[in-house]
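*Asks:* I need the structure of the sequence given here:
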Amino acid sequence: MNPIQRLDDGLTLLLERRLAAPRAAIWRCWSEAALLQQWFCPKPWWVEAADMQLRPGGRFNLTMCGPDGERMPSQGCFLEVSPGRRLQFTDSFSEGFRPLAEPFMTGVVEFSDTDDGATLMRWSARHASVESAEKHLTMGFEPGWNAAADQLEALAASLPVTSADEESAFATCAPKVRSCVFLAKQAEEAAHYYVSLLPDSRIERVYRPDPDGPALVVEFVLAGTPYMAMNGNPDPKPDPTVSISVLTADQAETDTLWQRLCIEGGVALACGWLQDRFGVHWQIVPEALPRLMGSSDLAATGRVQQALMGMQKIEIDALQRAHDGA
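*Replies:* Purely as a prediction, here's the structure:
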């Protein structure tokens, strides 16, 4: 049985295990709910249900059962997902980073290859107090996680793994090009705010050099388009040279997005431009604008442009009246 290490003045319990199975198979056993149920609890305990959404902010909910009828539901969420390499999860939050009462720990598991084709797994549990760490030890952290690791090793070793499986397990689906918003220290706050604005938006990955510290980089998708937010800008002055341009369907969507971006420190500018509270510039452009500006009637497009110059938020009806000469 591998011994544990105590780090961070006793707050973190660390267990390292060499597992005789390829990393792709180990990752599958952690990332697929049906496989995780087969090994996560040391026998005679078992996992009755596992509900996982493998993304930062996604749920990581388990129900563990004992031989005498015990049931221990556990609710939490993922903080970081780096396919094939690292998972971080916590019971401090439920899905969507909603705070939970009486959190117990934050877990981090890391995987790396060994020279002989096995996998080194580092499993650490960080607690808010030394008392919580000691309680975890009393509950059987060391023998329990060593037994679970044995079960994990046996299950992973039984899984057939091809090169295609390895590519699939470690695929990040990262786009080749991604726009970056460079801020002083608000990257995570900004990313979560931005993805709340538009459908088909989500946080993809959060990179934290310190598991308990601020994010360095947050990768997110905004209305299907990839972005990243980064901390560390030594001179974060607002710059309109680059902006986020959103094509809205109608006046209602234009009004809603404009209002949300202008509140709490946002600044309305001219011609559909604004600056949000983080200093990032946006263009909120109704679909009607390029349609009206693309008219073959040069006099009409001239009137549209003149009307646009007098606006902050773009008003579609006013542009249409200008186009029609009304």
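
*Asks:* Span of stretch 227-246 from start to end?
*Replies:* When the termini of stretch 227-246 are compared using Cα to Cα, to the nearest Å, they are 14 Å apart.

*Asks:* Quick check: buried residues in it?
*Replies:* Residues 227-231, 236, 244, 246 are the ones in stretch 227-246 that count as buried (16 or more other Cβ atoms under 10 Å). (C-beta placed from N, C-alpha, C; glycine too.)

*Asks:* Same question for stretch 304-318.
*Replies:* Of the residues in stretch 304-318, 304, 307-308, 313-316 count as buried by neighbour count, 16+ other Cβ under 10 Å.

*Asks:* how about those, which pair is most distant?
*Replies:* 304 and 313 (15.7 Å; Cβ to Cβ).

*Asks:* Tell me which of the buried residues of stretch 304-318 fall in strands.
*Replies:* Here DSSP state E is the test, and these give no hits in strands at all.

*Asks:* quick check, nearest of those to residue 178?
*Replies:* Within the buried residues of stretch 304-318, the smallest distance to residue 178 is 27.8 Å, found for residue 314 (Cβ to Cβ).

*Asks:* Phi first, then psi, for the closest one.
*Replies:* Per-residue torsions, residue 314: phi -80, psi 130 (degrees, to the nearest 10).

*Asks:* Equivalent analysis for residue 253, please.
*Replies:* The phi/psi pair for residue 253 (degrees, to the nearest 10) is phi -70, psi -40.

*Asks:* What does the pLDDT read for the closest residue to it other than its chain neighbours?
*Replies:* Of all residues not flanking residue 253 in the chain, residue 286 sits nearest, at 8.0 Å (Cβ to Cβ, 6 or more residues apart in numbering). Note on residue 286: pLDDT of 96.

*Asks:* which two in the buried residues of stretch 227-246 are spaced the farthest apart?
*Replies:* 231 and 246 (24.0 Å).

*Asks:* For stretch 66-81, list the C-alpha coordinates in CSV.
*Replies:* Output of stretch 66-81 as CSV, limited to C-alpha atoms (Å, rounded to 0.1, in the frame of the first residue of the first chain):
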residue,chain,number,x,y,z
GLY,A,66,-22.4,0.4,1.7
PRO,A,67,-23.0,-3.2,2.5
ASP,A,68,-25.3,-2.4,5.4
GLY,A,69,-27.6,-0.2,3.5
GLU,A,70,-25.6,3.0,3.8
ARG,A,71,-26.2,5.7,1.1
MET,A,72,-23.9,8.6,0.7
PRO,A,73,-24.9,11.1,-2.0
SER,A,74,-22.2,13.5,-3.0
GLN,A,75,-22.8,16.7,-5.1
GLY,A,76,-20.1,18.7,-6.7
CYS,A,77,-18.8,20.1,-10.0
PHE,A,78,-15.6,20.1,-12.1
LEU,A,79,-13.3,23.1,-11.9
GLU,A,80,-10.8,22.0,-14.6
VAL,A,81,-10.9,19.4,-17.3
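
*Asks:* Kind regards, and thank you for your time.
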